[in-house]
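Asks: show me the folded form of this:
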Amino acid sequence: MPLIIEKSLAGQRALVTGSSSGIGAAIAVALAEAGARVAINYMSDAEGAGEIVDQIQALGGEAIAVQADVSQEDQVIAMFQQVIGTWGSLDILVNNAGIQLDAPFVEMTLKQWETVMAVNLTGQFLCAREAVKEFLRRGVVPELSCSAGKIICNSSVHDIIPWAGHVNYSASKGGLLMFMKSLAQEVAHDKIRVNAVSPGAIKTPINRSAWETPEAEADLLKLIPYERVGESADIARAVVWLASDASDYVVGTTLYIDGGMTLYPGFREGG
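Replies: Numbering: from 1, shown residues only. This is a model prediction of the structure:
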C-alpha cells in the first residue's frame, strides 16, 4: 500500500543521502510516491541503490542512483553537479547518511571519533552547503513550492538523550541539532526551510538484534511509552510532510518520531 497518496511534491527534485537501504530508502520511495524525482545517494551499495531506483520506476516515478561519500567535499560537489545537471535544479535535500562506530569511551580510537563526525556532521554540512547554493541561485518557483528549497536533517533521539558507549555518535547528533537550528535561522529570510527528524527505535537491518526476538523487543519497549517499535514508514511520512508546502510555517524544528522515548519513561511510575 502506498505511503503517500496526494502528489504534494509533483515536479520537485529531491536528493536523499544514504538511501540505498533502511530509513533512507523508505524516505526516497515516499518522496517519489508524492510526485518528486529522487536521486538515490549511496557510498558502496550500488546494488541496493539500483533496487530502490527500480522500485520507484515500477511505481511510475523517476529516479537516479548517485555514488558519493558525503564526508568528502569533492565527491559531494560532483554529486550535486550530477543531480542538477540531470534535472536542472534541486528542491529538496534529505540529509540522511549516518554511521555508528561504537566503543567504550576509554577504548574509542581517534579514527572512530573522526569518522563518525566526518559522516554524521561534516557530511550534513557539505551537502547542505551545496543545496543552499542552488536554492539561492534559483530562488522561489511558485508553481513548485512556496519555498526556494527544503532541507531535512535526519538526526536521532540521541541529539538530546545521552548514550553511554556511543559518545561519538551522540556528540555528532547533538552537534547536528545546533547546526540545523543555526542554519535555519540564517537562511529562513531567503525562503529556505531547514528542519530535522529525530527517530527513536526504528526497525531497520542495522539494529535487528534490538527487536528481532520477543525478548529483545520486550526490553526495548520498556523505553517506548507508546509500546511499539517504529517502522521506516513512520519517518518517511514525516519527511514528506516537512518537504511539502503543508509545513510551510515550520522552520528550525525537530520532529521527535520516537513513540515517546524522549519522555523519560523511567519516571512514569514513582519517579
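Asks: for the protein, what spans make up the strands?
Replies: With strands called from DSSP state E, the chain shows them at 13-16, 37-42, 63-67, 92-95, 149-154, 192-199, 254-257.
Asks: given the third one, what are its sheet partners and their directions?
Replies: Paired with strand 63-67 in the same sheet, following DSSP bridges, are strand 37-42 (parallel).
Asks: state the mean pLDDT of the strand it pairs with.
Replies: Computed over strand 37-42, the mean pLDDT rounds to 98.
Asks: what's the answer for stretch 45-60, then?
Replies: Here the average pLDDT along stretch 45-60 is 98.
Asks: same list (the strands of the chain) but as CSV, adding mean neighbour count.
Replies: Every residue, glycine included, has its C-beta placed from N, CA and C. Formatted as CSV, these follow (neighbours: other CB atoms under 10 Å):
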stretch, mean neighbour count
strand 13-16, 30
strand 37-42, 28
strand 63-67, 20
strand 92-95, 29
strand 149-154, 27
strand 192-199, 25
strand 254-257, 19
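Asks: so where's this structure shaky on pLDDT?
Replies: Scanning the chain with the threshold set as pLDDT under 70 gives 1-5, 270-271.
Asks: how about the helices in it?
Replies: Residue ranges of the helices in the chain, as given by DSSP state H, are 22-33, 46-58, 73-87, 110-117, 123-138, 167-187, 214-221, 232-243.
Asks: one step back: now the strands of the chain in a markdown table, with distance to Glu186?
Replies: Converted to a markdown table, the strands of the chain look like this (distance: least, CB to CB, whole Å):
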| stretch | distance to Glu186 |
| --- | --- |
| strand 13-16 | 21 |
| strand 37-42 | 24 |
| strand 63-67 | 27 |
| strand 92-95 | 16 |
| strand 149-154 | 12 |
| strand 192-199 | 9 |
| strand 254-257 | 17 |
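Asks: Pro104 is nearest to which of these?
Replies: Nearest to Pro104 among the strands of the chain is strand 192-199 (24.4 Å), distances taken as CB to CB.
Asks: now do that closest one against helix 123-138, angle only.
Replies: 150 degrees (axes from the mean of the first three to the mean of the last three CA atoms, to 10 degrees).
Asks: partner strands of strand 192-199 and their direction?
Replies: strand 149-154 (parallel), strand 254-257 (parallel).
Asks: hey, C-alpha coordinates of that strand in CSV?
Replies: Presented in CSV, the C-alpha positions along strand 192-199 are these (Å, rounded to 0.1, in the frame of the first residue of the first chain):
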residue,chain,number,x,y,z
ILE,A,192,14.8,28.2,2.6
ARG,A,193,13.3,25.9,5.2
VAL,A,194,15.6,23.7,7.3
ASN,A,195,14.2,21.2,9.8
ALA,A,196,15.0,17.8,11.2
VAL,A,197,13.6,14.5,12.2
SER,A,198,14.9,12.6,15.2
PRO,A,199,13.9,8.9,15.0
